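Here is my input, please return the structure:
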Amino acid sequence: MKVTRIESAVLAVPMVKPVALSFAEHRLVVATLHTDDGPTGLGYSLCFGGGGAEAVQVYLETRLKPLLLGEDPLFVERLWEKMYRADRGIKRQGVAAYALSALDIGLWDIVGKTAGLPLYKLWGAVTDRVDAYGSGGWGDYAIDDVVGEAQKYAAAGCRYYKMKIHDPDPRENRRRVEAVLKALGERVRLMVDANQKLDVLGAIRQAQALEDLDLVWLEEPVLADDVAGCAEVARAIRIPVATGENAYSRYEFRELIERGAARYLMPDVCRANGFSETLKIGRLAAAHQRLLSPHVVHELSLHVAAALPNAFLVEYMDWAPADLFTGLPHCEGGAFRVPDRPGHGIALAPDALARYRAR
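The predicted model follows:
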């Protein structure tokens with residue numbers, strides 16, 4: 001079997017309220033890998049808020065795609081190494097990692113379809129059902145928006161909800177968290193996400209204002225670039241720290257672990273150089289008693305979580321319009337049943353490219 005053709009596109013995916021209060025759209029870089037005598041593979045990377053999608057596509061088309069044409073797609077690890085080591089002048093982060101991720105995901109889709117197995121079973125399944133936490137609560141939401149969204153996720157059975165703490169006043173953030181806790185009661189536990197908006201001292205002060213609320217974690221308390229700062233926060237506060245959505249390789253996650261910067265690690269399969277590297281990150285985390293909670297794209301992350309014994313929760317952010325994909329899993333009782341279709345089980349809807357292609 002050989003890869004004969006790779007087609008890519010950037011899709012503009014409009015958001016609906018309440019997410020649209022903070023983001024009008026996201027952009028999706030989609031790659032379809034065709035073979036001469038086998039299945040096609042779908043890979044994609046979600047560029048949150050649309051940032052950098054066109055650059056990701058250019059890098060995919062000009063630097064990585066030529067490396068795969070004519071190759072056997074079943075040699076995924078060999079091809080991953082070929083792509084990862086292709087450009088020694090740049091690190092495999094940001095644009096390059098998003099592009100590699102889309103192609104790696106597409107290659108694994110082909111492998112699963114060829115084997116006739118869903119990926120989580122191909123990798124050695126732990127479970128076929130993964131719990132989820134509802135995610136949102138953006139800073140642009142009014143309190144009523146946050147509470148309404150939290151109640152929607154709770155109605156779907158989610159026992160966890162994550163909201164943002166973006167106000168510069170720690171007391172205002174506490175007031176918003178308390179409003180959600182009051183509305184949901186003891187049936188739902190909360191996480192909070194600073195989205196890198198604080199410095200070390202600000203993060204410590206914010207955590208101190210929330211410590212008595214029994215939060216599951218405080219996410220990205222400082223800039224993702226500042227591992228030492230994150231570790232300083234983690235040592236100083238009583239709320240466990242979660243981070244990793246903006247880390248791209250096992251080497252960055254190794255530093256997070258060695259510095260004691262986080263208890264929950266959050267790789268994003270569309271950023272962390274695909275399924276291949278995310279699985280390595282998950283196993284590295286297991287060796288150090290860290291839990292893995294993959295970032296966004298739950299429809300892909302489910303396969304990773306279901307194959308790793310140290311997976312905790314997947315992030316359920318309802319970002320995809322109903323007519324974008326076929327085969328999307330549904331949240332029932334606060335959990336997702338992992339699709340049992342070969343590969344990752346997701347396909348673009350027949351007219352999705354025409355409907356959503358960015359102009």
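
beta partners of residue 192?
Residue 192 forms beta bridges with residue 163, residue 218, as assigned by DSSP bridges.

got the contact list for it?
Residue 192 makes contacts with 162-165, 173, 177, 210, 215, 217-219, as judged by Cβ atoms under 8 Å, 6 or more residues apart in numbering. The way it works is simple: take the backbone N, C-alpha and C, and place the C-beta from them, glycine included.

The most centrally placed residue in the chain: helix or strand, and which one exactly?
Compute the mean C-alpha point of the chain, and by Cα atoms, centre = their mean the closest residue is residue 295, 2.7 Å away. Counting by DSSP states H and E, no helix or strand carries residue 295.

Which residue ranges of the stretch 1-150 of the chain form strands?
Taking DSSP state E, counting those that start in this stretch, the strands of the stretch 1-150 of the chain run over residues 3-14, 25-35, 41-47, 129-135.

Tell me which of those strands is the most buried.
The highest average neighbour count among the strands of the stretch 1-150 of the chain, using mean count of other Cβ atoms under 10 Å, belongs to strand 41-47 at a mean of 26.

ok, now how distant is residue 282 from residue 161?
24 Å (Cβ to Cβ, to the nearest Å).

tally of neighbours for the residue nearest to residue 113 when sequence neighbours are not counted?
Nearest residue to residue 113, sequence neighbours excluded (Cβ to Cβ, 6 or more residues apart in numbering): residue 39, at 3.9 Å. Neighbourhood size, residue 39 [other Cβ atoms under 10 Å]: 18.

need the longest helix for this structure.
Across the chain, the longest stretch assigned as helix under DSSP state H is helix 94-115.

and that one, how far out from the chain's middle?
Taking Cα atoms, centre = their mean, to the nearest Å, one finds the center of helix 94-115 at 15 Å from the center of the full chain.

before we move on, what about stretch 250-268?
15 Å.

and the end-to-end length of it?
12 Å (Cα to Cα, to the nearest Å).

For stretch 184-200, measure first residue to last.
31 Å.

buried stuff in that stretch?
Residues 184, 188-198, 200 are the ones in stretch 184-200 that count as buried (16 or more other Cβ atoms under 10 Å).

now stretch 66-83
In stretch 66-83, the ones that count as buried by 16+ other Cβ under 10 Å are 68, 73, 76, 79-80, 83.

same check, this time on stretch 93-108
93-108.

pLDDT averaged over that stretch - what is it?
Mean pLDDT, stretch 93-108: 97.

isn't residue 265 right next to residue 289, touching?
No - using Cβ atoms under 8 Å, residue 265 makes no contact with residue 289, being 11.1 Å away.

Which one's more surrounded, these two?
Remark: of residue 265 and residue 289, residue 265 carries more neighbours, 27 against 9, as counted by other Cβ under 10 Å.

hmm, back to that, give me the subset of the buried residues of stretch 184-200 lying in strands.
Counting by DSSP state E, the part of the buried residues of stretch 184-200 found in strands is 189-193.

and those as a markdown table, adding pLDDT and distance to residue 356?
What follows is those, written out as a markdown table (pLDDT from 0 to 100; distance: Cβ to Cβ, whole Å):
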| residue | pLDDT | distance to residue 356 |
| --- | --- | --- |
| 189 | 97 | 35 |
| 190 | 98 | 33 |
| 191 | 98 | 31 |
| 192 | 98 | 32 |
| 193 | 98 | 27 |
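
Any chance of CSV for those, columns distance to residue 137?
CSV is the format used below for these (distance: Cβ to Cβ, whole Å):
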residue, distance to residue 137
189, 14
190, 9
191, 10
192, 8
193, 8
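
quick one, phi/psi of the residue nearest to residue 145 when sequence neighbours are not counted?
Nearest residue to residue 145 in three dimensions, chain neighbours excluded: residue 18, at 4.6 Å (Cβ to Cβ, 6+ apart). Note on residue 18: its backbone torsions stand at phi -90, psi -10 [degrees, to the nearest 10].

What segments of the stretch 201-350 of the chain are helices?
With DSSP state H, counting those that start in this stretch, the ranges of helices along the stretch 201-350 of the chain come out as 227-236, 250-258, 274-287, 298-307.

Return the residues in contact with the closest residue in space to residue 331 that isn't next to it in sequence.
Nearest residue to residue 331, sequence neighbours excluded (Cβ to Cβ, 6+ apart): residue 156, at 4.9 Å. By Cβ under 8 Å, 6+ apart, the residues touching residue 156 are 134, 331-332, 334.

buried set for stretch 226-244?
Using 16+ other Cβ under 10 Å as the test for burial, stretch 226-244 gives 226-227, 229-234, 237, 239-244.

I misspoke; the intended subject was stretch 245-253.
Buried-residue list, stretch 245-253, by 16+ other Cβ under 10 Å: 245-250, 252-253.
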